[in-house]
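Asks: generate a structure from the sequence data that follows.
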Amino acid sequence: MPDPLNNALLKFHHFGLAVCQPGAARTFLSSLGYRMGETVFDPEQNVHLALCQHDEDPAVEIIWPGSVPGPIDALTQLHGSGIIYHVCYETGDLAGVLSRFKVAGLRVMCISSPKTARLFVGRKVSFYNVIGIGLIELLEPVRDLATTG
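Replies: This is a model prediction of the structure:
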């Protein structure tokens with residue numbers, strides 16, 4: 001039987017690192033050769049974000065709380081030193097991926113439906129708890145405005 005998850009539908013993008021403040025994470029990642037991306041505030045999620053890129057190692061998104069309560073506050077309070085809490089995959093077929101999760105027998109709960117993400121210049125992101133795996137973020141491709149209207 002072919003693999004129902006077919007990795008052609010999912011491509012690893014980054015790890016999400018939740019921290020109380022970004023200073024130590026930036027220092028550590030910089031010392032490993034990561035390039036620090038621009039800091040972005042995302043009001044949809046009430047978090048500050050910075051994507052850190054490396055020529056050879058996986059990308060890391062540093063996430064820290066905004067000024068009012070948001071989705072990572074409990075994590076950063078519980079894990080004051082920071083914690084990798086999600087893995088992000090790119091997909092060009094969100095519905096197909098979710099369908100294949102179901103075919104594979106995975107239990108998936110939508111935590112946050114697709115929303116435009118400032119960090120990814122308007123691309124949509126959604127979050128899912130895959131029971132037995134953890135939190136995943138699914139990043140949709142850039143939509144071509146000429147073809148989508």
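
Asks: so Leu135 is in contact with Ile83, correct?
Replies: No. Using C-beta atoms under 8 Å, Leu135 is not in contact with Ile83; the gap is 11.0 Å. Every residue, glycine included, has its C-beta placed from N, CA and C.

Asks: for Glu137, give me phi and psi.
Replies: Here is the backbone geometry of Glu137 (degrees, to the nearest 10): phi -110, psi 140.

Asks: what's the answer for Ala74, then?
Replies: phi -60, psi -40.

Asks: state the distance from it to Glu44.
Replies: 18 Å (C-beta to C-beta, to the nearest Å).

Asks: mind listing the strands for the protein?
Replies: In the chain, the segments counted as strands under DSSP state E are 11-18, 35-36, 40-42, 47-53, 59-65, 83-90, 108-116, 124-130, 134-139.

Asks: now those as JSON lines including mean neighbour count and distance to Gly96?
Replies: Output for these, formatted as JSON lines (neighbours: other C-beta atoms under 10 Å; distance: least, C-beta to C-beta, whole Å):
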{"stretch": "strand 11-18", "mean neighbour count": "18", "distance to Gly96": "13"}
{"stretch": "strand 35-36", "mean neighbour count": "14", "distance to Gly96": "33"}
{"stretch": "strand 40-42", "mean neighbour count": "16", "distance to Gly96": "26"}
{"stretch": "strand 47-53", "mean neighbour count": "21", "distance to Gly96": "26"}
{"stretch": "strand 59-65", "mean neighbour count": "22", "distance to Gly96": "24"}
{"stretch": "strand 83-90", "mean neighbour count": "17", "distance to Gly96": "13"}
{"stretch": "strand 108-116", "mean neighbour count": "13", "distance to Gly96": "13"}
{"stretch": "strand 124-130", "mean neighbour count": "18", "distance to Gly96": "14"}
{"stretch": "strand 134-139", "mean neighbour count": "18", "distance to Gly96": "11"}
